[in-house]
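A.B. asks: Here's a sequence, model it:
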Amino acid sequence: MTSPTHWLPGKRSEQIAMAKDWLQVLGTATPPWGIPPEEISQLRTLTEAAEELLAVAMSSDRTEVITSECRMAFMVLTEKMRSIKNHYFISPPLTDTDWISLKLKPKDTVHTPVPPPTSQAEADISRPGPHLLTLHLRPLSNSPPDPHRSDYGFRIYWGVMPSGGASTEAALSIKRELIKAPVSGEELPHSRFTRRKKELFDFAQEDSGKMVYFCVRYENAKGEPGPWGPIFSAFIP
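C.D. replies: Purely as a prediction, here's the structure:
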């Protein structure tokens with residue numbers, strides 16, 4: 001998960017440097033992007049206070065009180081910088097040069113396509129209750145690494161087979177039960193897509209005791225699938 005302050009330098013000295021760059025860019029007779037002069041004045045005051053406290057906190061004169069005051073000063077400075085960024089830097093049409101002058105990363109307007117998956121997926125099964133099965137989805141243990149894996153979801157295929165196999169009538173009904181055990185995911189009649197790594201299946205009460213077969217494969221946002229994972233099965237509790 002991306003941090004809400006990923007735009008902010010990690011070191012306090014670098015944050016001070018960024019704030020000073022902002023003040024230099026904004027410190028004109030007519031501040032750009034419609035930023036009110038009082039916002040710039042507050043930013044300057046908070047930057048100076050944080051810089052002074054940081055100097056004391058880094059010296060041999062620091063105390064627990066100074067350390068606490070320094071931490072609070074940077075919290076307030078961060079909030080002011082975030083407010084200015086969100087209110088005045090996001091909405092106006094800033095150029096890449098503007099972003100660079102503010103030490104901010106220019107917006108990436110080039111869409112990077114996510115290719116079809118190349119790795120395989122499988123799942124472990126748990127039984128949380130009567131006619132309930134939970135699939136704990138994960139990459140196949142010996143599947144090659146895929147740098148785009150976090151961008152994919154899972155397509156889960158499944159089919160229910162009664163003891164001895166379904167009749168032709170049951171196989172053609174809306175439930176499309178299985179006549180025989182499948183040997184590949186293509187033979188499974190039902191599917192659902194999920195981005196969760198844990199997916200609950202709530203079967204009909206009359207399905208308890210029947211065998212259900214599953215197969216999972218990764219899928220990108222365009223619906224392009226990866227290779228089939230292994231077939232696995234479980235009795236419905």
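A.B. asks: which outside residues touch the worst-scoring helix or strand of the chain on mean pLDDT?
C.D. replies: Across the helices and strands of the chain, mean confidence by mean pLDDT, DSSP states H and E is lowest for helix 96-101: a mean of 81. Defining contact as C-beta atoms under 8 Å, 6 or more residues apart in numbering, one finds that helix 96-101 is touched by Asp21, Val25, Pro32, Phe89, Lys105, Pro106, Lys107. To be clear about C-beta, it is placed using only N, CA and C from the backbone, and glycine gets the same treatment.
A.B. asks: What are the buried residues along the helix or strand following it?
C.D. replies: Scanning forward in sequence from helix 96-101 by DSSP states H and E, the next helix or strand is strand 121-129. Neighbour counts over strand 121-129 (16 or more other C-beta atoms under 10 Å) mark Ala121, Glu122, Ala123 as buried.
A.B. asks: Sort out which residues of the least confident helix or strand of the chain are buried, please.
C.D. replies: Asp98.
A.B. asks: Please list the outside residues in contact with stretch 194-201.
C.D. replies: 128, 132-138, 153-154, 156, 158, 192, 212.
A.B. asks: a helix runs through Leu43, doesn't it?
C.D. replies: Yes: checked against DSSP: H, G, I helix; E, B strand; the rest coil, Leu43 lies within a helix.
A.B. asks: which residues touch the residue nearest to it when sequence neighbours are not counted?
C.D. replies: Leaving aside its sequence neighbours, Leu43 sits nearest to Lys80 (C-beta to C-beta, 6 or more residues apart in numbering; 5.6 Å). By C-beta under 8 Å, 6+ apart, Lys80 lies in contact with Gln42, Leu43, Leu46.
A.B. asks: Confirm that Lys80 sits in a strand.
C.D. replies: No: Lys80: not assigned to a strand; according to three-state DSSP it is helix.
A.B. asks: where does it land on pLDDT?
C.D. replies: pLDDT, Lys80: 92.
A.B. asks: Tell me the spacing between it and Lys11.
C.D. replies: Between Lys80 and Lys11 the computed distance is 18 Å (C-beta to C-beta, to the nearest Å).
A.B. asks: next one: Pro139
C.D. replies: 36 Å.
A.B. asks: Between these two, tell me which one has more neighbours.
C.D. replies: Comparing Pro139 with Lys11 by neighbour count (other C-beta atoms under 10 Å), the higher total belongs to Pro139, at 19 against 8.
A.B. asks: Next, that one: phi, psi?
C.D. replies: Pro139 adopts backbone torsions of phi -70, psi 150, taken as degrees, to the nearest 10.
A.B. asks: List the beta-bridge partners for it.
C.D. replies: Ala121 (DSSP bridges).
A.B. asks: quick one, what contacts it?
C.D. replies: Pro139 touches Ser119, Gln120, Ala121, Glu122, Asp146, Arg149, counting by C-beta under 8 Å, 6+ apart.
A.B. asks: State the helix or strand in which Tyr218 lies.
C.D. replies: Tyr218 belongs to strand 211-219, assigned by DSSP H and E.
A.B. asks: Next: Arg192.
C.D. replies: strand 190-194.
A.B. asks: sorry, back to before: okay, and which of the contacts of stretch 194-201 map to helices?
C.D. replies: Assigned to helices by DSSP state H, none of those qualify.
A.B. asks: Return a selection command, for use in ChimeraX, containing the buried ones of those residues.
C.D. replies: To isolate the buried members of these in ChimeraX, using 16+ other C-beta under 10 Å:
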select :133,134,135,137,153,154,156,158,212
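A.B. asks: Can you show me the strands along the protein?
C.D. replies: 121-129, 132-139, 153-161, 190-194, 198-202, 211-219, 232-235 (DSSP state E).
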